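# Sequence first, predicted model second:
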Amino acid sequence: MGHLDHATFGWLTPVLSYVMACIGAALGLRCTVRALGATGTSRRNWLLTAASAIGTGIWTMHFVAMLGFGVSGTEIRYDVPLTILSLLVAIIVVGAGVFTVGYSKDRGRALLLGGLTTGLGVASMHYLGMAALRLHGTVRYDPLLVAGSVVIAVVAATLALWAGLNVKSPVAVTVASLVMGAAVSSMHYTGMFAVSVRIAPSGEALPGASAMQFIFPLAVGLGAYLFLTSAFVALSPTAGEREASASAQRPAESPAR
């Protein structure tokens, strides 16, 4: 059995991955709040931004954490197409959940269906990302811990969608984002503790790209996207602010004589 180290860089990758999960959650919640106050194309665009933010945040959290993952006795590489596919899965399934909540008239039913769909999708993203691992050995999973990670993913997704519907103030969004970041991180590390590796020493070169060749640049790029989008959302006026500005610009009516 190979010894697994989930923090080869110490606390750097767990803390940084948690921060990325929180940023994605906060941005997604703010965009969802904006979407629920908008109509037509504007609502659709805000929901698309929310889906990309939450999905990107979850994916970035996972692979930033994986930068600190190591197994004694083997190097680790990543299958590039599968890794990209895991990112697309994260965004698409989160989008399905967000749009279900954003357009459904029965919010309770939409919350349950969207939370289940999104949670299963997040878990699929995690294990698809794990399937992209290439190492000298065989990866095995503890079924109970895998099931636990899926339950956490569904609960975290449902919590995220509920917060999108009910959390409005910036302070409340911040608190909800911290909780959601902790839930997503818990799901990830529960899934990682389910992993065991049986090493099969080999002199053959592993296929795929190393974490520093592929994962690190992509994570940095997606992290930059989250920060830039956060700045755009923060500077973009809300519906209430636009209405107040429009009211202030209307010419005052002449007093009746």
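Ah, there it is. Residues are numbered from 1 along each chain as shown.

# contacting residues around the most centrally placed residue in the chain?
Centroid-nearest residue in the chain, with CA atoms, centre = their mean: I58, separated by 2.1 Å. I58 is in contact with A21, G24, A90, V94, V122, M125, V184, counting by CB atoms under 8 Å, 6 or more residues apart in numbering. In short, each C-beta sits where N, CA and C put it, glycine included.

# Just the ones in helices from those, please.
A21, G24, A90, V94, V122, M125, V184 (DSSP state H).

# From the contacts of I58, pick the one nearest L113.
For the contacts of I58, the residue nearest L113 by CB to CB is V94; the value is 13.8 Å.

# sorry, back to before: burial measure for the residue nearest to the residue nearest to the centre of the chain when sequence neighbours are not counted, as a count.
In this structure, I58 finds its nearest non-sequential neighbour in A90, 5.3 Å apart by CB to CB, 6 or more residues apart in numbering. Using other CB atoms under 10 Å, A90 has 30 neighbouring residues.

# What separation do you get for A90 and T118?
Separation of A90 from T118 (CB to CB, to the nearest Å) stands at 10 Å.

# do the same with A194
Taking CB to CB as the measure, A194 falls 21 Å from T118.

# the more surrounded of those two?
Ranked by neighbour count (other CB under 10 Å), A194 and T118 place T118 first, with 30 against 19.

# if I look at the more buried one, how far off is A200?
36 Å.

# The helix or strand where L111 lies - contacts with which helices or strands?
Per DSSP states H and E: L111 is located in helix 107-131. Contact here means 3 or more CB pairs under 8 Å, 6 or more residues apart in numbering; DSSP states H and E; on that basis helix 107-131 packs against helix 40-66, helix 80-103, helix 143-166, helix 170-193.

# Who wins on neighbours among the ones in helices among the contacts of I58?
For the ones in helices among the contacts of I58, counting by other CB under 10 Å, the largest number of neighbours falls to G24: 33 neighbours.

# hang on, the earlier thing: what helices or strands is the helix or strand that comes right after the helix holding L111 leaning on?
Toward the C-terminus, helix 107-131 is succeeded by strand 133-134 as the next helix or strand (DSSP H and E). On a contact count with 3+ CB pairs under 8 Å, 6+ apart, strand 133-134 meets strand 77-78.

# confidence score at the residue nearest to I58?
For A90, the pLDDT comes out at 88.

# I'd like to know how far it sits from L4.
For A90, the distance to L4 - CB to CB - is 24 Å.

# go on, V220?
In this view, V220 and L4 are 25 Å apart by CB to CB.

# What of I58?
From I58 to L4 the distance is 22 Å (CB to CB).

# Check I152 too.
Using CB to CB, I152 is found at 20 Å from L4.

# picking that back up, report the buried residues of the helix holding L111.
110-111, 113-115, 117-130 (16 or more other CB atoms under 10 Å).

# Same question for stretch 198-212.
For stretch 198-212, a neighbour-count test (16+ other CB under 10 Å) marks I199, L206, G208, A209, A211 as buried.

# Next: stretch 73-84.
T74, I76, R77, Y78, D79, V80, L82, T83.

# OK, contacts around the residue nearest to the last one when sequence neighbours are not counted?
Think T83. Excluding its sequence neighbours, the residue lying closest to T83 (CB to CB, 6+ apart) is A132, at 4.6 Å. Contacts for A132 (CB under 8 Å, 6+ apart) come out as Y78, D79, V80, L82, T83, S86, G208.

# Relative to H126, how far out is A132?
Going from A132 to H126 by CB to CB gives 11 Å.

# overlap in contacts of the two?
S86.

# gap between the closest residue to R107 other than its chain neighbours and G108?
Among residues not flanking R107 along the chain, L165 sits closest, at 6.1 Å (CB to CB, 6+ apart). Separation of L165 from G108 (CB to CB): 10 Å.
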